[in-house]
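Enquirer: how would this look folded up:
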Amino acid sequence: MRLQQFSSVFLTTSFITAGLALAHGGSYPGPGDTVPPGAGGSTPSTPGPPLPSTPQPGVPPGPGGARPGLPTGPGGTIPGAGGPGGVTGPMQSGPDLDAWQFWWELNKPRFLQIKSHIASAGSVITQGSGDDLLSGLQVRDSMRPSKAQLVSEAVPELLRALRTETNRDIRSACMVALAKIGECEDQVVPLLRGLLADPDQELAETAALCLGILGSPSAIPTLRDLYLDEPAGRALVSHKKEVPYRTRTFAAYGLGLIGAANGEADVARDIQTCFLKFLEGPGQSRRTPRDLRVATVLSLGVVPDPDGVAVGSLWRFVENQLEREKLVTSHVPTSIARLVRKLPPAVRQKTVEDLFALAKHTEEKRAPDVRASVMQALGMITHLSDPFAKKVVAELQERVTQETAKAPVVSHFSIMALGEISGTGAPGNEIDRFLMERASQMGGRVASRAWAALALGVSGFYQAASKARVEGHPAIPVLVDMLQNIKNAEQQAAYALGLGLLGAKEAAQPILACLDRVKTDSVRGYFATALGLMNHREALPRLQELVRTSTRRPEVMRECAMALGLLGDKSVVVTLTDLLKHPENQTLAVQAAIAMALGFVGDRRSVAPLVAALRDEPKQLAAVSRAFAAAALGIVGDKEEMPWNAKFGENVNYLAAVETLTDAANAAGILNLL
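Expert: Numbering: from 1, shown residues only. Modelled structure (predicted):
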C-alpha cells in the first residue's frame, strides 16, 4: 500500500477513501504512464510493443475512479472529467488531458514558494489556543525549525521508526523524511544502503532515491553502480543477474539530484560522464526500459554542464532515436533548454534554430508530443530582449492559432511559453495583448482561454519579480470581467489563479464569492490559493473559519490551511494541532489530512505534535496516519526551499510519461511523491 500525494499539495479525498497508500513519500501529481502493459516494464530484456505518442482513451479506472497515473484537482477529481462544477457538455470517455490543471499542479511550486512564506520574519501571527504551541504569543523571528531541534526531536524518532517498524508505509515515509532533513548522515546512509537489498521493491527503490535526495556526493559510487547495473550494484541489491530496472531508474534520478544540489564542477562531470556513458551505449537500444532512458534524459537536464558536452549528446540522441522512440525524445528539448537558458544569446539562438528544425520535422512525422516539448523549450530559453525573440514569438503565436484543433497540447503549451517570455518584458507588451485577446474570447474553442488567463498570471508574476511593474497590470480588468461573466467553475478557477499570480487584490471580492458559491471541492481550493497568492489578508477570518469547520471535508480544510500559510498566518499551526488532538477527529481521513496540512504550513511548533503522532504512545492511530506524520516531518524540516522533485516537474511534458515518472494511481512515479 502506498501513500500518494494529493493534488495541489495535498492528499485527495478520493484516494483516502479508496485505500491510502504512502509510496516513498509524494509531491507532484502528473498524468501517468502512457506505456502499454509490458513496455518498459518489469521485463527490460525484451522490447515492448510500439507506443502511442499520446495517452489512449478507454483505460480502466484505478483507485478512486481515476484513470491510472492521472493527476487530480485539489479535491481528488480528474480535471475535465465532468461532474458538478466541471466541464459541461457531452459525456467524455476519459479525463481531458488538455486541462490546465495538469500544468499548474506540476509547475506551481515556483509560484507558491510556500516555505519562504511560512518561515519569514514579520509574518502575521494571530492568537491561538494550543497548549503546547506558544499559545497567544506574538512571534516575530524566523519560524523554521532549527538544526538542533530537528536533530534532537525529529531525527531520533524517524530513525527509531525506520529501524523498528515493520509497516512499509511508515518505513518509506521515514526514509524520505530523513533524506529531506539531511542530518545525521553517518547514521542515515548505512540504513539506506542496507535497505537496497530489501525484498520489498518499493523499499529498495525508495532507498536508492533517498540517497540522492540526501544530496551527498559520497553516495555517487553506490548510485552509479546501481544505475549502470555493475557487479557491485548487483551485490548491493543481492541480485545475481541484474539490478531491477526500477531501482536503476530511481538511482538515476538520485544521481541527478546530487548533481543539481552540488556546485562543484568535478562532481557534475563525474555524474555527467556516468549518464553519457549510458545514453551513448545501452540507452540507444529499445531493449533498455524507457523508464531508465527518460530518467537519464531528465537528469542530464538538471546537472550543470561545465564543459558543454551534454547538449551535443542529447541532440545526437534525438537524431538517432526520434523515428522509433518519440516518447523518450519528447523529454530532450526541455532538458536542453535547462542547460542553455542562462547562456549568452548567441548560444541560445543556435538552440532556437535547432528547435525550429525539430518542430518542422515532427510536424511532418506527426509527433505532437515532441513538438509540444519544443514549444515549452522555446519559452524557457527566450527573453523578450533577445534578437531572435520576435521570430520565436511569431512561431508560438502561430502554433496557438493553428494547432488548437489538431494538436491542442501544442497550442496550450505554446500559450504557457508565451507567458514565460512575456514575463521577461514590461507589462502590456505585444505578448500580453495577444494573451488578453485569447483570454477574452466568448465563443469557439473556449478551453484555451483558461490557459491564456493562467499564462497572463505567469507573465505578471515574473514581471513583478523583476520589478518590471510597480502598479496594476493591464490584464487585471480583463480577467476580472471574464471571471464574473463565465459560468464554468473550472475555467473560473484558472482566471482566479491568474489574478492571484498578478497580485490583483481588486479581484478579491469576486474570488471570495466563488469560494463560497462553488461547492465542488476539487475546484474550490484554487480560489483559496488565489487569495493567498494575492496576499489578501482580509480573507483571513473566512479561511480560518473554513479550516476550523471543514474536518468532514478535509480537502477544503487543507487548501484553506495552505492559503493561510501563504498569508503568513501562524495561527493555522495552532488550529491544526488542536484539531489533530481532538477526540472527534480520529478517523483515518481526517488524521491524514491534518498531518499533511501541518507538514505544508507547519513551522518549528509543529515538530513536537508530529513526532508524537508518529510515536503514537497511546497506540490509537492507524499505521497510515503515522506514516503521514512522518512525511509531514520531512516537509517541515526540508533542507531545501523547494520540493526535491520540482527540479523535474518544471515544464515537464507530462503526456510523455512512464510509470517511474508519474503514476498517480499507484503513487509510483517521482512526480507523485512527497
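Enquirer: and the closest residue to V410 other than its chain neighbours, what is it in contact with?
Expert: Spatial nearest neighbour of V410, chain neighbours left out: E403 (4.3 Å); criterion: Cβ to Cβ, 6 or more residues apart in numbering. All C-beta spots, glycine's among them, are computed from the backbone N, C-alpha and C. By Cβ atoms under 8 Å, 6 or more residues apart in numbering, the contact set of E403 is P368, V410, S411, S414.
Enquirer: the third one reaches T404, doesn't it?
Expert: Yes: with contact taken as Cβ atoms under 8 Å, S411 and T404 are classed as touching, separated by 4.5 Å.
Enquirer: which residues do the two both contact?
Expert: In contact with both S411 and T404: S448, using Cβ under 8 Å, 6+ apart.
Enquirer: neighbour count for these two, which is higher?
Expert: Each of S411 and T404 has its neighbours counted (other Cβ atoms under 10 Å); S411 has more, 26 against 20.
Enquirer: host element of that one?
Expert: helix 408-422 (DSSP states H and E).
Enquirer: quick one: mean pLDDT for that helix?
Expert: Averaging pLDDT along helix 408-422 yields 97.
Enquirer: where does the prediction get shaky in the stretch 401-550 of the chain?
Expert: 444, 468-470 (pLDDT under 70).
Enquirer: ok, the chain next?
Expert: Ranges of the chain meeting pLDDT under 70: 1-96, 119-142, 444, 468-470, 664.
Enquirer: how does it look with 80?
Expert: 1-97, 115-142, 364-365, 443-445, 468-471, 586, 588, 596, 664-667, 674 (pLDDT under 80).
Enquirer: what about T296, neighbour count?
Expert: T296 has 30 nearby residues by other Cβ under 10 Å.
Enquirer: spell out which helix or strand contains it, please.
Expert: With DSSP H and E as criterion, T296 is part of helix 290-302.
Enquirer: chain center to the helix or strand just after that helix: distance?
Expert: With elements assigned by DSSP H and E, the helix or strand that comes after helix 290-302 is helix 310-321. Its chain's C-alpha centre and that of helix 310-321 lie 26 Å apart, by Cα atoms, centre = their mean, to the nearest Å.
Enquirer: where do the helices sit along the stretch 251-400 of the chain?
Expert: Using DSSP state H, counting those that start in this stretch, the helices of the stretch 251-400 of the chain run over 265-279, 290-302, 310-321, 326-329, 332-340, 345-364, 368-381, 389-402.
Enquirer: in TSV, list those helices along with distance to L192.
Expert: Listed next are those as TSV, based on distance: least, Cβ to Cβ, whole Å:
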stretch	distance to L192
helix 265-279	18
helix 290-302	19
helix 310-321	28
helix 326-329	29
helix 332-340	27
helix 345-364	38
helix 368-381	33
helix 389-402	44
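Enquirer: which one of the ones you listed lies closest to H239?
Expert: helix 290-302 (15.6 Å; Cβ to Cβ).
Enquirer: any idea how far the closest residue to V267 other than its chain neighbours lies from R348?
Expert: Excluding the flanking residues, the one nearest V267 by Cβ to Cβ, 6+ apart is P217, at 5.2 Å. Distance, P217 to R348, by Cβ to Cβ, to the nearest Å: 30 Å.
Enquirer: so which of the two has more stuff around it?
Expert: For P217 versus R348, neighbours defined as other Cβ under 10 Å are more numerous around R348 (21 against 15).
Enquirer: number of residues surrounding the residue lying closest to the more buried one once chain neighbours are set aside?
Expert: Nearest in space to R348, with sequence neighbours left out and distances taken as Cβ to Cβ, 6+ apart, is I381 at 4.9 Å. For I381, the neighbour count with other Cβ under 10 Å is 29.
Enquirer: is it true that I381 touches K342?
Expert: No: between I381 and K342 there is no contact under Cβ under 8 Å: 9.1 Å.
Enquirer: quick check: closest non-adjacent residue to V302.
Expert: Using Cβ to Cβ, 6+ apart, the closest residue to V302 is A260 (4.3 Å).
Enquirer: hmm, I was thinking of S625
Expert: Q591 (4.1 Å).
Enquirer: for R626, see how far away the one you found is.
Expert: For Q591, the distance to R626 - Cβ to Cβ - is 9 Å.
Enquirer: what's the overlap in contacts for those two?
Expert: By Cβ under 8 Å, 6+ apart, the residues touching both Q591 and R626 are A613.
Enquirer: gap between M442 and A507?
Expert: 19 Å.
Enquirer: those two - which one has more neighbours?
Expert: A507 (25 against 9).
Enquirer: mind listing the helices for the stretch 51-200 of the chain?
Expert: With DSSP H, counting those that start in this stretch as the criterion, the stretch 51-200 of the chain has helices spanning 100-107, 109-112, 114-119, 147-149, 155-164, 168-181, 185-195.
Enquirer: how about the stretch 551-674 of the chain?
Expert: Assigned by DSSP H, counting those that start in this stretch, the helices in the stretch 551-674 of the chain fall at 554-566, 571-581, 588-601, 607-615, 623-636, 646-649.
Enquirer: now distance to C184 too, for those helices, in TSV please.
Expert: Below are those laid out as TSV (distance: least, Cβ to Cβ, whole Å):
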stretch	distance to C184
helix 554-566	28
helix 571-581	25
helix 588-601	20
helix 607-615	15
helix 623-636	14
helix 646-649	24
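Enquirer: great, nothing more from me.
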